[in-house]
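Chemist: Quick one, fold the following:
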Amino acid sequence: MKSKSSGNLSVFDLWQSTSFKMDLSRTKQKDCPTCGTARTYPYLHDQRKKSTVLCGRDTVQIVSKDLAKLSFQHIKRAALIYM
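Modeler: The predicted structure follows:
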């Protein structure tokens, strides 16, 4: 069963123990690539970072659609540059 979105943006800040809700229902446009009828979410695919440093773990997360083309040795050599 598909549920309908409320049209609200809810924001919760757990560190500050605050929250607020904003009504966005009047801003929705049918031709919008994110909230319209033919949703493609271009920002999620085009603007994401290629890597992220994970807090407190000395770890880097690599995000790439071409990751399958990389060998472990290639990744290891690239990582040694930053050590």
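Chemist: just checking, what packs against the longest helix seen in the chain?
Modeler: For the chain, the helix that runs over the most residues, judged by DSSP state H, is helix 72-80. Secondary-structure packing of helix 72-80 (3 or more Cβ pairs under 8 Å, 6 or more residues apart in numbering; DSSP states H and E): no helix or strand packs against it. C-beta coordinates here come from the backbone N, C-alpha and C atoms, glycine included.
Chemist: from now on call the first residue 49
Modeler: Okay, residue one is now 49; in that scheme the one you just asked about reads as helix 120-128.
Chemist: Tell me the buried residues in it?
Modeler: By 16 or more other Cβ atoms under 10 Å, helix 120-128 has no buried positions at all.
Chemist: Export only the CA atoms of that helix, formatted as PDB.
Modeler: Once non-C-alpha atoms are left out, helix 120-128 reads as follows in PDB (Å, rounded to 0.1, in the frame of the first residue of the first chain):
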ATOM      1  CA  PHE A 120      42.200  -3.500  -4.800                       C
ATOM      2  CA  GLN A 121      45.900  -2.700  -5.700                       C
ATOM      3  CA  HIS A 122      44.800   0.500  -7.500                       C
ATOM      4  CA  ILE A 123      42.800   1.600  -4.400                       C
ATOM      5  CA  LYS A 124      45.700   0.800  -2.100                       C
ATOM      6  CA  ARG A 125      48.200   2.800  -4.200                       C
ATOM      7  CA  ALA A 126      45.800   5.800  -4.200                       C
ATOM      8  CA  ALA A 127      45.300   5.600  -0.500                       C
ATOM      9  CA  LEU A 128      49.100   5.600   0.200                       C
END
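Chemist: Thank you, goodbye.
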